[in-house]
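*Asks:* model the structure of this input:
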Amino acid sequence: MPINIPKEMPAREILEKEKIFVMDEERAITQDIRPLDILILNLMPEKQKTEVQLLRLLGNTPLQLNISFVHMETHESKNTSKSHLDQFYTTFSEIKEKNFDGLIITGAPIEHLPFEQVNYWDELKMIMEWSKKHVTSTMHICWGAQAALYHHYNIDKYELPAKVSGIYEHSISDPTIKLVHGFDDIYLAPHSRYTGVDRSEVEIHPELILLSNGGAGPFMIISKDEKNIMLTGHLEYDTTTLAEEYVRDLNKGVDILPPENYFPNDDHTKKPSNTWRSHSHLLFSNWLNYYVYQQTPFNWN
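*Replies:* Numbers count the residues shown, from 1 in each chain. Below is the predicted model of the structure:
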């Protein structure tokens, strides 16, 4: 089934070329079903790239989804035009009285800052508190996962000796948990960050389950009430995203090694292969099915 996004949204053309089933509101209202309302808090600087990455995964399930995007009122985006935000995004103050079946909070390249020094931290805390009563399940990605661990569970991030960047193997602690149904015993996922979370703090926390761990440290963490899912990596990344980040850092004069286990023979002039795509789709499908669709009320009122 399709995702419902505005006709004029630039991501639409890309997704249609990839044969992802998208529709607009005019067609959606003719279908006598209860679509799921999914809210995406997009904190990434290049928002249009992230839109495509997430919509591609959300659009590959048998459920009809109404997608809404929200941006921070207390932060001015430097890499996305105001006209794009005005046309396709809303603000928290405009949706705070509504309920959503699912929420995605993306990462943000600000892990060098203490959480309290992020200029929109207070607003983000309001959204995370609001989600407790207004959202069935929330997926947090990378810095968004670290923010959730800090706010909800008092687990802080710490600075790594060097940037974790590359494709890493992960194993699963409990394959019976629905989020990883169908996963291989060992699977691959991209990571790109300068900070991490302590495995022991996660494992001893009474409200959390460390579901997946690997060469880049803790990856999948789920709350025991299944309200919050934290992913410290980027299964949503495109094949070339890590390469683009690497070239960007080189152009900035950053002393950085190529992403690990990514370029053929560690040669950044060669095209990498996507070795995580199937598990990306499976993860989002499991989340939407088991933690959103199966749990959310038919009528929020």
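*Asks:* next structured bit after the lowest-mean-pLDDT helix or strand in the chain?
*Replies:* None of the helices or strands of the chain scores lower by mean pLDDT, DSSP states H and E than helix 25-28, at a mean of 52. Of the helices and strands lying after helix 25-28 in sequence (DSSP states H and E), the nearest is strand 36-41.
*Asks:* alpha carbons of stretch 132-139, as PDB, please.
*Replies:* Below are the C-alpha coordinates for stretch 132-139, written out as PDB (Å, rounded to 0.1, in the frame of the first residue of the first chain):
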ATOM      1  CA  LYS A 132       4.400   9.600  25.700                       C
ATOM      2  CA  LYS A 133       0.600  10.300  25.400                       C
ATOM      3  CA  HIS A 134       0.200  11.300  21.800                       C
ATOM      4  CA  VAL A 135       2.300   8.600  19.900                       C
ATOM      5  CA  THR A 136       1.900   4.800  19.900                       C
ATOM      6  CA  SER A 137       5.600   4.100  19.100                       C
ATOM      7  CA  THR A 138       8.700   6.300  18.400                       C
ATOM      8  CA  MET A 139      11.700   5.300  16.500                       C
END
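*Asks:* what separates it from the chain centre, distance-wise?
*Replies:* Centroid displacement of stretch 132-139 relative to its chain, using C-alpha atoms, centre = their mean, to the nearest Å, is 14 Å.
*Asks:* next: stretch 237-255.
*Replies:* With C-alpha atoms, centre = their mean, you get 19 Å for stretch 237-255.
*Asks:* pull out the buried residues from it.
*Replies:* Neighbour-count burial for stretch 237-255 flags 237, 238, 241, 242, 243, 245, 246 (criterion: 16 or more other C-beta atoms under 10 Å). All C-beta spots, glycine's among them, are computed from the backbone N, C-alpha and C.
*Asks:* ok, stretch 275-283 next?
*Replies:* Result for stretch 275-283 [16+ other C-beta under 10 Å]: buried residues 276, 277, 279, 280, 281, 282, 283.
*Asks:* so of these, which ones are in helices?
*Replies:* Counting by DSSP state H, these place 277, 279, 280, 281, 282, 283 in helices.
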